[in-house]
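Undergrad: Mind looking at a prediction? Sequence and model below.
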Amino acid sequence: LQVPRAPSQPVASSESRRFANKHSKKALKASLTLGILLGMFFVAWLPFFVTNVTQAVCSCVPAGFFDVLTWLGYCNSTMNPIIYPLFMRDFKRAMGKYLPCCRRAGEPRPSAISLSMRNSHSGPRAATSLKNVL
């Protein structure tokens, strides 16, 4: 017995190719961002950890050098807020929305109420008084 085959699908349309191309560009950009972040992490923290192990084995690392490597690791935390906006447009928009230094002229500042409503996932509620809550 042979199972009948379904007719083959037509060659991918230009729209689906554009869709795939767009997503492959996003994946490439995300991979690049992740590579840069991990690279910065290793450059900043690997010397500290190698020196830490060396210090435990031979006690031959000067305290000043150890302090410099510790601060190099701390600088990695300073680099993340710089790297993310450079490579992620959505992150840049979100930060610009909430930081006064990055907000565009004429753009309203979000209120605390709108932020809490947006984060509560419950939407607007009917008039709630303290009596109804208690």
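TA: Sure, I can see it. Numbering: from 1, shown residues only.
Undergrad: contacts and neighbour counts: CA atoms only from here.
TA: OK.
Undergrad: model confidence over stretch 86-98, on average?
TA: For stretch 86-98, mean pLDDT is 79.
Undergrad: The closest residue to residue 80 other than its chain neighbours sits in which helix or strand?
TA: Nearest residue to residue 80, sequence neighbours excluded (Cα to Cα, 6 or more residues apart in numbering): residue 37, at 7.3 Å. Residue 37 belongs to helix 14-58 when elements are defined using DSSP states H and E.
Undergrad: next helix or strand past that helix?
TA: Next along from helix 14-58, by DSSP H and E: helix 63-87.
Undergrad: Just the buried residues of that next one, please?
TA: Buried residues in helix 63-87, counted by 16 or more other Cα atoms under 10 Å: 66, 69-70, 72-73, 76, 84-85, 87.
Undergrad: Repeat that for stretch 36-46.
TA: 36-37, 40-41, 44-45.
Undergrad: would you list those residues in CSV and tack on pLDDT?
TA: Formatted as CSV, the buried residues of stretch 36-46 follow (pLDDT from 0 to 100):
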residue, pLDDT
36, 88
37, 87
40, 90
41, 92
44, 92
45, 93
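Undergrad: for the buried residues of helix 63-87, which one is nearest residue 32?
TA: residue 87 (8.6 Å; Cα to Cα).
Undergrad: Could you list which residues are in contact with the closest one?
TA: Listed by Cα atoms under 8 Å, 6 or more residues apart in numbering, the contact set of residue 87 reads 29, 33.
Undergrad: let's go with 10 Å and repeat that
TA: 29-30, 32-34, 36 (Cα atoms under 10 Å, 6 or more residues apart in numbering).
Undergrad: So it versus residue 94, what's the distance?
TA: To residue 94, residue 87 is 13 Å away according to Cα to Cα, to the nearest Å.
Undergrad: so what's in contact with the two at the same time?
TA: Counting by Cα under 10 Å, 6+ apart, residue 87 and residue 94 have no common neighbour.
Undergrad: Leaving out chain neighbours, which residue sits closest to residue 40?
TA: Using Cα to Cα, 6+ apart and skipping residues adjacent in sequence, the residue nearest residue 40 is residue 76, 6.7 Å away.
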